[in-house]
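Student: Okay, structure incoming, though there's no sequence with it:
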Ligand code: ATP
Ligand code: MN
Ligand code: MN
């Protein structure tokens, strides 16, 4: 097991009564990271990750043959999963109900890992109030060739613009190419209002600095710019969960950082599982995240 991960994943699973088959199966070949190592990692970050993931409908990125082989996004629970990963029925746009996964504890995360989940993507609302988001995310997607300093300065400018609107926000490196600026909310407005707020916010950035930002998904519009992906903020959309591993080159993690760190950080994919486990133990990059009580009410135009 990687150094600094406190416990052996097989022991952790056994203690929690989750069946772990082929614990030694390598899921990140370049790093030699096994399924049991992933379990050790999630045990190390459980205390900080669970408050973020708990009770949210999930999409899972599953890679039955490990990273870099065929992975797929799984939105619906179609059966065959261990009992520790739970499922909740949600009515979709077309009026049909579907079963969505959710977890409330480490056993649930281990059960997902058992099913070769390498990434945990979360809704912005929880199953108890699915129609009302309790988090927004401004997903900054840089065009290829842009320096990462363009991403960090954009994140900080977005944070400052939110502060000016009396909204506190928190930066997270995605584990890929960008930064997510996350806004915790009281769940008291519904998705269409939240989405409109985010769209207006992103469009205002693009209007003010059209050479720098775009709020338009189209490839041509994104050329040389930062795409402010506000589309994460609609009912049924997901974003990577804080502290989730990514199924990308280098086995990176989506990691909360402080606004101070956002000034100097050099890329979005620099945190390994071990470094992230150590961070979860030693640092608290988002200290007051779950204490903030703020709302979009009065901010919708
Ligand atoms: P990066 O920093 O590299 O952009 P990211 O996690 O922000 O990493 P995006 O491609 O910007 O990746 O996607 C944002 C979010 O959209 C993802 O975190 C995920 O939740 C969701 N998403 C992406 N691809 C899919 C997909 N194929 N199906 C469902 N949701 C997806
Ligand atoms: Mn992104
Ligand atoms: Mn995106």
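Tutor: In hand now; what should we look at? Computed from a predicted model, the values in this text were never measured in an experiment. Ligands and ions are numbered 1, 2, ... in the order given.
Student: Give me the three-state assignment for the nearest residue to residue 106 once chain neighbours are set aside.
Tutor: Nearest non-adjacent residue to residue 106, counting by C-beta to C-beta, 6 or more residues apart in numbering: residue 46, 4.4 Å away. The C-beta positions use only the backbone N, C-alpha and C, and glycine is treated the same way. With DSSP: H, G, I helix; E, B strand; the rest coil as the basis, residue 46 sits in helix.
Student: Next one: residue 46 from residue 243, what distance?
Tutor: Using C-beta to C-beta, to the nearest Å, we find residue 46 at a distance of 9 Å from residue 243.
Student: For those two, indicate the residue with more neighbours.
Tutor: residue 243 (29 against 19; other C-beta atoms under 10 Å).
Student: what residues does the stretch 1-150 of the chain put near ligand 3?
Tutor: Proximity of the stretch 1-150 of the chain to ligand 3, by C-beta under 5 Å from the ion, involves residues 139, 141.
Student: helix/strand/coil for the residue of the stretch 1-150 of the chain at minimum distance from ligand 1?
Tutor: Using C-beta to the nearest ligand atom, the single residue of the stretch 1-150 of the chain nearest to ligand 1 is residue 121, 3.7 Å away. Three-state call for residue 121 (three-state DSSP): strand.
Student: How many residues are close by it?
Tutor: 23.
Student: so it makes contact with residue 62?
Tutor: No - assessed by C-beta atoms under 8 Å, residue 121 is found out of contact with residue 62, at 11.3 Å.
Student: Ligand 2 contacts on the protein?
Tutor: So far as C-beta under 5 Å from the ion goes, the chain lies against ligand 2 at 139, 141, 178.
Student: Please, which helix or strand holds the second one?
Tutor: With the criterion set as DSSP states H and E, the secondary-structure element containing residue 141 is strand 135-142.
Student: immediately after that strand, which helix or strand?
Tutor: Heading C-terminal from strand 135-142 (DSSP H and E), you reach helix 148-164.
Student: Report the beta-bridge partners for the closest residue to ligand 2 within the stretch 201-301 of the chain.
Tutor: Closest to ligand 2 within the stretch 201-301 of the chain is residue 229: 5.8 Å, counting by C-beta to the ion. Here residue 229 shows beta-bridge partners residue 139, assigned using DSSP bridges.
Student: need the contact list for it.
Tutor: With contact taken as C-beta atoms under 8 Å, 6 or more residues apart in numbering, residue 229 is in contact with 138, 139, 140, 141, 202, 217.
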